[in-house]
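# Provided below for reference: sequence and predicted model.
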Amino acid sequence: MRIELVRIDDRLIHGQIVMAWSKAVSIERIVVIDDKVANDLIHKMLLETVAPPGVKVSIFDVVQGIEYLKKDSFPEEKILLLVTNPTTILALVESGLRFSKINVGGMSFSAGKMQLTKAVSLDDTDKHAFRELHKYGIVVQIQVLPNDTPEDLMTQIK
């Protein structure tokens, strides 16, 4: 499998993914890795229903996701890897998976989070995970839509 885009977006599959990103990177499968979603049958069915036409959806918890990505079952398939938070990406990287770049599209504001941009809010756990990912040499960019200019997230949280 060829991972075309690794994206953090707590809304998972929604309009920006369906209408913009899936076309911009010509994906064939969306792989969602999230413990909570993987154990919620209704949420899983909803995500499968709203996927772009012709794009397959696979939803895993973190352990299953690591196994799936390491197995590389579909070597020619173009993948959009979608997670809700940087801690999940850090778990993938710490398991031995490697990514060169992470796209941050949306991390909603909630109590205890600091608003970094209009679309991205972080708490201390998020900041720690991003700093650890940066130590692995991973470029972390905020980019809501494909035509937006990517912003380096790390320069904003130092």
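Received it, and whenever you're ready, just let me know what you need. All values reported here derive from a predicted model rather than from experimental measurement. Numbering: from 1, shown residues only.
# end to end, how far does stretch 54-70 reach?
This stretch, stretch 54-70, spans 24 Å end to end (Cα to Cα, to the nearest Å).
# how far is it from where the chain is centred?
The chain centre lies 12 Å from the centre of stretch 54-70; the measure is Cα atoms, centre = their mean, to the nearest Å.
# Counting neighbours, which bits of it end up buried?
Residues of stretch 54-70 classed as buried under the neighbour-count rule (16 or more other Cβ atoms under 10 Å) are 55, 57, 58, 59, 60, 62, 65, 66, 68, 69. Where you see a C-beta, it was placed from the backbone N, CA and C, and this is true even at glycine.
# can these go into CSV with extra columns for pLDDT?
Formatted as CSV, the buried residues of stretch 54-70 follow (pLDDT from 0 to 100):
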residue, pLDDT
55, 94
57, 96
58, 96
59, 97
60, 97
62, 98
65, 96
66, 96
68, 94
69, 94
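# These in strands, which ones?
57, 58, 59, 60 (DSSP state E).
# any chance of those residues in a markdown table, with distance to residue 39 too?
Output for those, formatted as a markdown table (distance: Cβ to Cβ, whole Å):
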| residue | distance to residue 39 |
| --- | --- |
| 57 | 16 |
| 58 | 15 |
| 59 | 10 |
| 60 | 11 |
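# out of the residues you listed, who's nearest residue 144?
Distance to residue 144, by Cβ to Cβ, is smallest for residue 57 among these, at 21.5 Å.
# hmm, back to that, now tabulate the buried residues of stretch 54-70 in TSV and tack on distance to residue 11.
What follows is the buried residues of stretch 54-70, written out as TSV (distance: Cβ to Cβ, whole Å):
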residue	distance to residue 11
55	17
57	15
58	18
59	15
60	18
62	19
65	18
66	23
68	22
69	22
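# Kindly indicate which of these lies nearest residue 111.
Closest to residue 111, out of all of those and judged by Cβ to Cβ, is residue 62, at 24.4 Å.
# I'd say that closest one and residue 91 touch.
Yes: under the criterion of Cβ atoms under 8 Å, residue 62 lies in contact with residue 91, with a separation of 5.3 Å.
# I'd like to know which elements the longest helix along the chain is packed against.
Secondary structure of the chain read by DSSP state H shows that its longest helix is helix 124-135. Helices and strands touching helix 124-135, by 3 or more Cβ pairs under 8 Å, 6 or more residues apart in numbering; DSSP states H and E, are helix 86-94, strand 139-142, helix 153-157.
# Done for today, thanks.
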